[in-house]
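Student: kindly return the folded structure for what I paste below:
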Amino acid sequence: MPVEIRLKQLREDKGLSQNALARQLEMSLANIQKIEYGKAKSIPLDTLEKICLALDCEIGDLLVIVERGK
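Tutor: Coordinates of the predicted model:
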């Protein structure tokens, strides 16, 4: 089953731009964009932790399993 990354939705719900989140996480804008657009080949666990702390969410809010055909 595919995994959907809901970074954009969570980020926008907090009123943060990609740039603001990148600065807060001390990551590059390009890396934030890759994650948001589903282009990242992998996401380290420490990065997932930082994102969840910054957005006050759980990993299950960020990564969601999507059934095929939906």
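Student: how close does D61 get to I5?
Tutor: 11 Å (C-beta to C-beta, to the nearest Å). C-beta here means a position set from N, CA and C on the backbone, and glycine is covered the same way.
Student: which of these two has more neighbours?
Tutor: I5 (19 against 14; other C-beta atoms under 10 Å).
Student: name all residues that make contact with the more buried one.
Tutor: I35, E36, G38, A40, I43, L62, L63 (C-beta atoms under 8 Å, 6 or more residues apart in numbering).
Student: out of these, which is most surrounded?
Tutor: I35 (22 neighbours).
Student: hmm, K8 and it touching each other?
Tutor: No - using C-beta atoms under 8 Å, I35 is not in contact with K8; the gap is 9.1 Å.
Student: all strands of this protein, in order?
Tutor: Under the criterion DSSP state E, the chain contains strands at 3-5, 63-65.
Student: could the ones you listed be laid out in TSV, adding mean pLDDT and distance to I51?
Tutor: Below are the strands of the chain laid out as TSV (pLDDT from 0 to 100; distance: least, C-beta to C-beta, whole Å):
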stretch	mean pLDDT	distance to I51
strand 3-5	93	10
strand 63-65	94	10
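Student: tell me which of these sits nearest to N19.
Tutor: Closest to N19 of the strands of the chain is strand 3-5 (C-beta to C-beta; 18.5 Å).
Student: distance of L29 from L55?
Tutor: For L29, the distance to L55 - C-beta to C-beta - is 16 Å.
Student: cool, K41 as well?
Tutor: According to C-beta to C-beta, K41 stands 22 Å off from L55.
Student: neighbour count for those two, which is higher?
Tutor: When K41 and L55 are compared for neighbours, L55 comes out ahead with 21 against 5, by other C-beta under 10 Å.
Student: list the contacts of that one.
Tutor: L10, R11, D13, K14, L16, L21, L62.
Student: do that again at 7 Å, thanks
Tutor: For L55, the contact set (C-beta atoms under 7 Å, 6 or more residues apart in numbering) comprises L10, R11, K14.
Student: ok, K34 next?
Tutor: With C-beta under 7 Å, 6+ apart, K34 has these contacts: A40.
Student: brilliant, that's me finished.
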